[in-house]
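[1] need a 3D model of the following:
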Amino acid sequence: MARPRIWPDGKAVLEQVARNSGRRRKTPPIDEEMQEIFRKPVFVFNVGPWGFRENGGSFGYHFIPACTTEYYKDKDGNVYGAPMEWELVERPPAAPGVYVPDTWVEGKRRVTDPRTEYAACRPLPGRMAEPIPLDMQENIWNIQDSGKYFADEVLLKVGKMHSKQESNVRLGVFRAAGRIPTQAELAAARAELSLYMAERVREADLAWSQGPLAAEQVIRPQIHHICAQWLNLEDRDWLRGTKPQGRVKCEMCGLLVDSGIATCQNGHIVDAEAYKRAWAQQKAIKEALGA
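    Reported below is the predicted structural model:
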């Protein structure tokens, strides 16, 4: 037995759903002067090795890329650094008053040296705006926060309701005045980052000195190890454990030396056999050159 048709055709069903679901809500226009404010972007950058995914509430999640040369890998296995710039896509034509948000795509400039360059976040609009339902027929615009305020609160995590210890500014994130950060802005951001990293290294040193239990509870490779390596402090015992694999300690000065190396950086002999071989090799080379 055939099932009776409730609606004469599928189009009528879709129209009924649209009428009762708010899909046909109208969004009011925004005057051109206000749109000009929207189109003054806010730029946020990161000089640190960590990336973040911050919750912007109804505006969704916003991503802060890490300043790294290994930001993503394409299908062919090519590895690319984090973007250092974003390019504005040309907007499609729209009727007067219809607000079309700016679209940004990653630019060609990529991070190749994390310690001297920076990663760029997708630019924020000058004013944060979103349409929200008023009723089944109409939307209204939620226009409250400026892009600078949103960047500070959500991305940098600075302000009245934020603790300085939880601020992303300490980790190298900063808001710049323009599309390209100045040397002064970069220097200030790196100074904050270096201070944070030095604190984490001291924290790991203290935990290591208090024994294995404290070290296990405190030291985290994704934080403390990265800090030590970023600051070129790779001689820390806690980077590799009590007996660093493949490394030996100079008994004269305490520096760690790769296995097989004859002397430490201070010139002390660490491996006698390696020293004899190296000395004999150098003597043979000099004799061959007639030196």
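[2] domain assignment for the chain?
    For the chain, automatic domain parsing gives the domain ranges 10-181, 246-291.
[3] figure out which of those domains is closest to Trp208.
    domain 246-291 (14.0 Å; CB to CB). Where C-beta positions appear, they are placed from N, C-alpha and C, glycine not excepted.
[4] can you pull out the helices in the stretch 101-250 of the chain?
    147-150, 183-209, 212-218, 226-230 (DSSP state H, counting those that start in this stretch).
[5] and of those helices, who's closest to Arg110?
    Among the helices of the stretch 101-250 of the chain, helix 183-209 comes nearest to Arg110, with 17.0 Å by CB to CB.
[6] against which helices or strands is the closest one packed?
    Contacts defined by 3 or more CB pairs under 8 Å, 6 or more residues apart in numbering; DSSP states H and E place helix 183-209 against strand 173-176, helix 212-218, helix 226-230.
[7] could you single out the most deeply buried of the ones you listed?
    The highest mean neighbour count among the helices and strands packed on helix 183-209, using mean count of other CB atoms under 10 Å, belongs to strand 173-176: a mean of 23.
[8] looking at the domains of the chain, which is buried most?
    By mean neighbour count, with neighbours taken as mean count of other CB under 10 Å, domain 10-181 ranks first of the domains of the chain at a mean of 15.
[9] show me where pLDDT drops low in the chain?
    In the predicted model of the chain, residues 1-11, 13-23, 241-247, 249, 252-256, 258, 265, 291 satisfy pLDDT under 70.
[10] quick one on the thing from earlier: can you put the domains of the chain in JSON lines and add distance to Pro221?
    Formatted as JSON lines, the domains of the chain follow (distance: least, CB to CB, whole Å):
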{"stretch": "domain 10-181", "distance to Pro221": "12"}
{"stretch": "domain 246-291", "distance to Pro221": "17"}
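[11] those: which one's closest to Gln222?
    Of all the domains of the chain, domain 10-181 comes closest under CB to CB, at 8.1 Å.
[12] sorry, back to before: may I see the helices and strands packed on helix 183-209 organised as JSON lines, with distance to Ile132 added?
    As requested, these are exported to JSON lines (distance: least, CB to CB, whole Å):
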{"stretch": "strand 173-176", "distance to Ile132": "27"}
{"stretch": "helix 212-218", "distance to Ile132": "45"}
{"stretch": "helix 226-230", "distance to Ile132": "41"}
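[13] out of the domains of the chain, the one nearest Ile226 is which?
    domain 10-181 (5.5 Å).
[14] I'm done for today, thanks for sticking with me.
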